[in-house]
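Chemist: Compute the structure for the input listed below.
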Amino acid sequence: MKKNIPTPEQTLAALCAVLQEQRQALGITQLDLAEQAGMQRSYISDIEQGRRNLSVQNLFRIALALDLTPADLVERAESKMTTGRRK
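Modeler: Numbering: from 1, shown residues only. Sure, this is the predicted structure:
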């Protein structure tokens, strides 16, 4: 049986949504997150808008800056794709 594999666009959209939700839950700005992750604010904005794809290295940096493990971040995105529910 063929598995229902999400498209790259669905994967990126779910990941972007989780990043933005977690940032807002922490009450920090894109600039705060960028500084904590050692990145530019415009890069964080592009990620949240789905205009950039994350490298694994940057995924780790952002997850840790958001007080998440990379595994938690990916798990939340996966849950969002499979259930459509927000975490």
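Chemist: next SSE after the longest helix belonging to the chain?
Modeler: When the chain is parsed with DSSP state H, its longest helix is helix 8-26. For helix 8-26, the following helix or strand on the C-terminal side (DSSP states H and E) is helix 30-37.
Chemist: Hmm, residue 54 is touching residue 47, no?
Modeler: Yes. Counting by CB atoms under 8 Å, residue 54 touches residue 47, with 6.3 Å between them. Quick note: C-beta positions are derived from backbone N, CA and C, even for glycine.
Chemist: Show me whatever sits in contact with both of those two.
Modeler: residue 62 (CB atoms under 8 Å, 6 or more residues apart in numbering).
Chemist: Looking at the two, which one has more neighbours?
Modeler: More crowded of residue 54 and residue 47, by other CB atoms under 10 Å: residue 47, with 24 against 18.
Chemist: Provide the backbone phi and psi angles at the more buried one.
Modeler: Phi and psi for residue 47, reported as degrees, to the nearest 10, are phi -70, psi -50.
Chemist: Look up how far residue 3 lies from it.
Modeler: 27 Å (CB to CB, to the nearest Å).
Chemist: How about residue 69?
Modeler: For residue 69 relative to residue 3 (CB to CB), the value is 25 Å.
Chemist: more crowded one of these two?
Modeler: Using other CB under 10 Å as the criterion, residue 69 and residue 3 rank with residue 69 on top: 12 against 4.
Chemist: Was I right to think the more buried one contacts residue 63?
Modeler: Yes. Counting by CB under 8 Å, residue 69 does reach residue 63; the two are 6.3 Å apart.
Chemist: what separates stretch 29-38 from the chain centre, distance-wise?
Modeler: 14 Å (CA atoms, centre = their mean, to the nearest Å).
Chemist: Point out where this structure drops to low pLDDT.
Modeler: 1-2, 83-87 (pLDDT under 70).
Chemist: What is the neighbour count of residue 24?
Modeler: That count, for residue 24 with other CB under 10 Å as the rule, works out to 11.
Chemist: Could you do residue 71 as well?
Modeler: Residue 71: 9 surrounding residues under other CB under 10 Å.
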